[in-house]
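**Q** need a structure here:
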Amino acid sequence: MKQSAFALAAVVGVICGVAHAQPALDTSGATQCTNWGYNTDRDPKGTNIRAAPRATAPVFGKLPAFGKIDGSDEDVGAEFSIVGSKDGWLLIEYKSDAGDKILRGWMSGRLVGGTIGSLTLHVKPSGDSAVVANLSGKTQDSNYGPDSVEIMQVHGCQGSFTDVTVRVPKAIKPLPGQDKPMRGWVGRVCSNQLTTCG
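**A** Below you'll find the predicted structure:
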């Protein structure tokens, strides 16, 4: 088992030195979803991916540190798919640069970002539910869309929807009230960091 722990650590470029059997991944009670995100954690040591949705759970491995990764010329966070959520934690799948191994485990939604590709923030994970806010606007000084909206925290996910707290950065000169945090469900979030969802 020691060998498999080192093999997993090598996938993400971290030597973790675990000398005991790796615990099973705890997915009990998790919602299921198909979403995308990227790591916003600036810790130069990388971001812990855990066996269960809590800060005290054993560490499975690490995402690479924020920087020039995945062939990018600019500093970016590791991009991954989000397949579930529970209690503010996200179950992610990260494919290594080589593409032959996948790291699957839990990370805090406070460390996850994304680019919004939907125009509206909803009360529930449904496009038919009431709208909390429109995520675009046109003012005398600005014309912005949902890709300009900052995700402050990801709380969870369900199906293709993501529960987020967002705000429009003040530098964009948003409509009144949109520079304050707003929470709701968005129908599309992608992991593009340097472009729109397209």
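
**Q** now do the helices in this protein.
**A** 2-11 (DSSP state H).

**Q** please pull out the lowest mean pLDDT helix or strand from it.
**A** helix 2-11 (a mean of 36; mean pLDDT, DSSP states H and E).

**Q** domain ranges for the chain?
**A** 2-16+25-109, 115-190 (automatic domain parsing).

**Q** can you say which of these is nearest to Gly198?
**A** domain 115-190 (7.9 Å; Cβ to Cβ). The C-beta positions use only the backbone N, C-alpha and C, and glycine is treated the same way.

**Q** next one: the closest one to chain centre, how far?
**A** Chain-centre distance of domain 115-190: 15 Å, with Cα atoms, centre = their mean, to the nearest Å.

**Q** residue ranges with poor pLDDT in this structure?
**A** 1-22, 69-72, 97-100, 139-142 (pLDDT under 70).

**Q** go again using 90 as the cut-off
**A** 1-23, 42, 60, 64-77, 95-102, 119, 133-150, 167-180, 192-198 (pLDDT under 90).

**Q** in JSON lines, list the domains of the chain along with mean neighbour count and distance to Gly198.
**A** Compiled in JSON lines, the domains of the chain are given as follows (neighbours: other Cβ atoms under 10 Å; distance: least, Cβ to Cβ, whole Å):
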{"stretch": "domain 2-16+25-109", "mean neighbour count": "17", "distance to Gly198": "13"}
{"stretch": "domain 115-190", "mean neighbour count": "17", "distance to Gly198": "8"}
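
**Q** for those domains, give me CSV that also has distance to Cys197.
**A** Putting the domains of the chain into CSV (distance: least, Cβ to Cβ, whole Å) gives the following:
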stretch, distance to Cys197
domain 2-16+25-109, 9
domain 115-190, 3
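
**Q** closest to Thr196 out of these?
**A** domain 115-190 (4.3 Å).

**Q** first-to-last residue distance for the closest one?
**A** Using Cα to Cα, to the nearest Å, the end-to-end distance of domain 115-190 comes out at 5 Å.

**Q** same deal with stretch 137-150?
**A** End-to-end distance for stretch 137-150: 14 Å, by Cα to Cα.

**Q** swap in stretch 176-195?
**A** 26 Å.

**Q** likewise stretch 181-197?
**A** 22 Å.

**Q** repeat that for stretch 180-188.
**A** Using Cα to Cα, one end of stretch 180-188 lies 21 Å from the other.

**Q** what residues does that stretch touch?
**A** 116-118, 120-127, 129, 132-133, 135, 146, 152, 155, 158, 160-167, 197 (Cβ atoms under 8 Å, 6 or more residues apart in numbering).

**Q** how about a cut-off of 7 Å?
**A** Identification of contacts with stretch 180-188 by Cβ atoms under 7 Å, 6 or more residues apart in numbering yields 116-118, 121-125, 127, 132-133, 152, 160-167, 197.

**Q** how close does Gly145 sit to Gly159?
**A** 23 Å (Cβ to Cβ, to the nearest Å).

**Q** swap that for Leu121, sorry
**A** For Leu121 relative to Gly159 (Cβ to Cβ), the value is 16 Å.
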